[in-house]
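S.K.: Generate a structure from the sequence data that follows.
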Amino acid sequence: MTIVTNRAPERPDLRADRPAPRYQGSGIGRQILVLSGRSLRALRDPALVVPGVLEPILMLTVFSQVFKSLAQTSSFPAGVTYIDYLLPAFLVTSAVSAALKSGVALTTELNNGIVARFRSMPIRPASILIGRSIADTVLSGVNMLVMVVAGALVFGFDPAGGVLGAAGALLIAVMLSWSLGWVFMALSAVLRRPEAMQPIGGIVNLVLLFASNAFVPVDGLPGWLRAFAEVNPMSHAITAARELALGEAHLSSLLVPPAICVVIVLVAAPLAVRTFRRVR
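M.R.: Residues are numbered from 1 along each chain as shown. Now for the predicted structure:
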């Protein structure tokens with residue numbers, strides 16, 4: 001006797017032969033957030049934070065006392081104390097030093113294996129650089145804020161522009177630090193060695209610093225040095241920061257530093273990412 005059933009014949013499970021989907025990693029926003037947080041953990045280590053805070057304060061102490069007599073010269077702005085004139089410039093010069101540290105930190109990670117470990121994960125190279133850029137910018141902003149507070153409490157920094165003017169000067173310095181950080185990260189991806197990065201970056205920082213209007217007005221410089229200082233990007237940033245702090249801001253001066261920073265980022269950021277991808 002034959003038994004007839006309505007059950008359909010069993011079909012083979014094709015899913016068993018399919019490979020498991022490969023994990024593509026989290027989104028770029030999540031990657032940037034995690035990598036930025038990783039770099040910001042340096043705030044927990046006093047050995048890394050304290051020197052970065054003390055160095056600009058010690059430099060400010062030395063220069064404010066050594067060059068204090070320049071406030072008595074005829075080319076110096078009338079009615080302005082030297083600390084009110086100097087501190088906005090020191091914010092900008094500290095921004096350049098902080099940008100250099102971004103490049104040095106990246107070369108260190110290229111050599112200690114951390115970047116190689118990142119490359120074994122589903123992480124975009126751009127996320128690594130953006131995360132470092134954000135973290136280093138936050139760290140430099142904290143250091144500059146401490147400098148402003150120390151200048152007010154210890155040295156009597158009290159510019160005519162008040163709190164808003166000082167905040168504007170701080171904002172320009174932070175913006176410059178962020179943009180120049182991309183330049184030094186691109187350079188670090190080419191050099192790949194901290195011992196090569198530090199002297200080259202130091203020379204660039206030294207030239208930009210002393211061939212600018214950081215310590216004396218441009219009119220007080222020799223002719224050949226004045227010509228370079230007038231086109232020095234650091235001089236434009238110092239002028240804008242100083243005018244904001246002193247309550248003498250002009251729109252033409254304020255527009256130049258953001259425009260310079262935008263141009264720097266548009267050129268240096270793609271170059272840094274492209275160069276970083278080729279590092280093996």
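
S.K.: Going along the chain, name the strands of the protein.
M.R.: With DSSP state E as the definition, the chain shows no strands.

S.K.: Quick one: residues in contact with the helix or strand of it with the lowest mean pLDDT.
M.R.: Lowest by mean pLDDT, DSSP states H and E among the helices and strands of the chain is helix 46-66, with a mean of 77. Where contact means Cβ atoms under 8 Å, 6 or more residues apart in numbering, the residues beyond helix 46-66 that reach it are 42-43, 82-83, 86-87, 90, 94, 97, 101, 139, 143-144, 146-147, 150-151, 155, 215. Glycine gets a C-beta too; all of them are placed from N, C-alpha and C.

S.K.: What are the buried residues along it?
M.R.: Residues of helix 46-66 classed as buried by neighbour count (16 or more other Cβ atoms under 10 Å): V49, G52, V53, P56, I57, L60, F63, S64.

S.K.: still on that earlier bit, could you give me the ChimeraX selection string for whichever of the contacts of helix 46-66 are buried?
M.R.: The buried subset of those, as determined by 16+ other Cβ under 10 Å, is captured in ChimeraX by this line:
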select :82,83,86,87,90,94,97,101,139,143,144,146,147,150,151,155,215
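
S.K.: how about A126, what does it touch?
M.R.: For A126, the contacting residues are I28, V273, by Cβ under 8 Å, 6+ apart.

S.K.: if I look at it, how far off is V146?
M.R.: With the distance defined as Cβ to Cβ, to the nearest Å, A126 ends up 31 Å from V146.

S.K.: Make sure V256 is actually in contact with A241.
M.R.: No - V256 sits out of contact with A241 when judged by Cβ atoms under 8 Å, with a separation of 11.5 Å.

S.K.: okay, these two: which has more neighbours?
M.R.: A241 (30 against 15; other Cβ atoms under 10 Å).

S.K.: Which residues are in contact with that one?
M.R.: Remark: with contacts taken as Cβ under 8 Å, 6+ apart, A241 is in contact with P88, A89, L91, V92, G168, A169, I172, A173, P257.

S.K.: please redo it, this time with the cut-off set to 7 Å
M.R.: Going by Cβ atoms under 7 Å, 6 or more residues apart in numbering, A241 touches P88, L91, V92, A169, I172, A173.
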